[in-house]
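1. Any chance you could fold what I've pasted below:
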Amino acid sequence: MFKFDLTDQARSRLLIASAIALTVVWLAIGIGSSLLCSVVCFVYPAYKSFKAVESPQGDDDTQWLTYWIVYSTFNILEYFTDLILFWIPMYNLLKCLFLLWCMWPIPNNGATIVYKKILRPFLLKNEEKIDAKLDKVTGKVNKYVDDARREVADFSESSAGQMIAAGSKVAAETASQQIDDALNEDEDKDKDI
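-> Residues are numbered from 1 along each chain as shown. As a prediction, the model looks like this:
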């Protein structure tokens, strides 16, 4: 019979290697691999972004903002190509490896390369068009919000709005009283026991 005597460091390395191997196998063939990939590639960067915002240095802010630009672009593209990507064997493993490369804490990680070589030139070239479209959409949304506020204000001043407000107030008071009565009834029962 073999007996392995491992040091604490060797045990830790074995545990980490086993967790990585299990994760790779799960991403390659497992059910829920999309969720696992999203957790790995979202939770860690989100926490590191929090740490970057709280730190006095600005270079880590740029690193994580660059990652989120690449991540969001990737997610948008993935949404529209999902029916095709679904058929690629081990897609979630490949996706996770790509996003890990993008977040890897080195100066020229994947996010930096993708941003500088692809996204930045595209965004700079189309910046005016994008800004014009965003201003147009923002203007329309603001108009709809203002119209809705005005309609709500008009309705609340109308007799129907006043009736609904009064009915809601009575219902809230009644519900509150019933809850208080029920709680007091339970307390009275507890005292009898």
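2. Point to the residue nearest the middle of this protein.
-> Relative to the mean C-alpha position of the chain, the nearest C-alpha, by Cα atoms, centre = their mean, is the one of residue 42, at 6.9 Å.
3. avg pLDDT for the helix or strand where that residue lies?
-> In the assignment (DSSP states H and E), residue 42 maps to helix 33-54. For helix 33-54, mean pLDDT is 88.
4. Next: stretch 168-186.
-> For stretch 168-186, mean pLDDT rounds to 81.
5. now that stretch, how far from the centre of its chain.
-> Relative to its parent chain, stretch 168-186 has a centroid offset of 38 Å by Cα atoms, centre = their mean, to the nearest Å.
6. Could you list the alpha-carbon positions for that stretch in PDB?
-> Taking Å, rounded to 0.1, in the frame of the first residue of the first chain, the C-alpha atoms of stretch 168-186 are listed here in PDB:
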ATOM      1  CA  SER A 168     -54.700  53.400  -0.800                       C
ATOM      2  CA  LYS A 169     -54.300  55.300   2.500                       C
ATOM      3  CA  VAL A 170     -57.400  53.500   4.000                       C
ATOM      4  CA  ALA A 171     -56.100  50.100   2.800                       C
ATOM      5  CA  ALA A 172     -52.700  50.700   4.200                       C
ATOM      6  CA  GLU A 173     -54.100  51.800   7.600                       C
ATOM      7  CA  THR A 174     -56.400  48.800   7.700                       C
ATOM      8  CA  ALA A 175     -53.600  46.400   6.800                       C
ATOM      9  CA  SER A 176     -51.400  47.900   9.400                       C
ATOM     10  CA  GLN A 177     -54.100  47.600  12.000                       C
ATOM     11  CA  GLN A 178     -54.800  43.900  11.100                       C
ATOM     12  CA  ILE A 179     -51.100  43.100  11.300                       C
ATOM     13  CA  ASP A 180     -50.900  44.700  14.700                       C
ATOM     14  CA  ASP A 181     -54.000  42.900  15.900                       C
ATOM     15  CA  ALA A 182     -52.600  39.500  14.700                       C
ATOM     16  CA  LEU A 183     -49.200  40.200  16.400                       C
ATOM     17  CA  ASN A 184     -50.900  41.200  19.700                       C
ATOM     18  CA  GLU A 185     -53.200  38.100  19.500                       C
ATOM     19  CA  ASP A 186     -50.000  35.900  19.200                       C
END
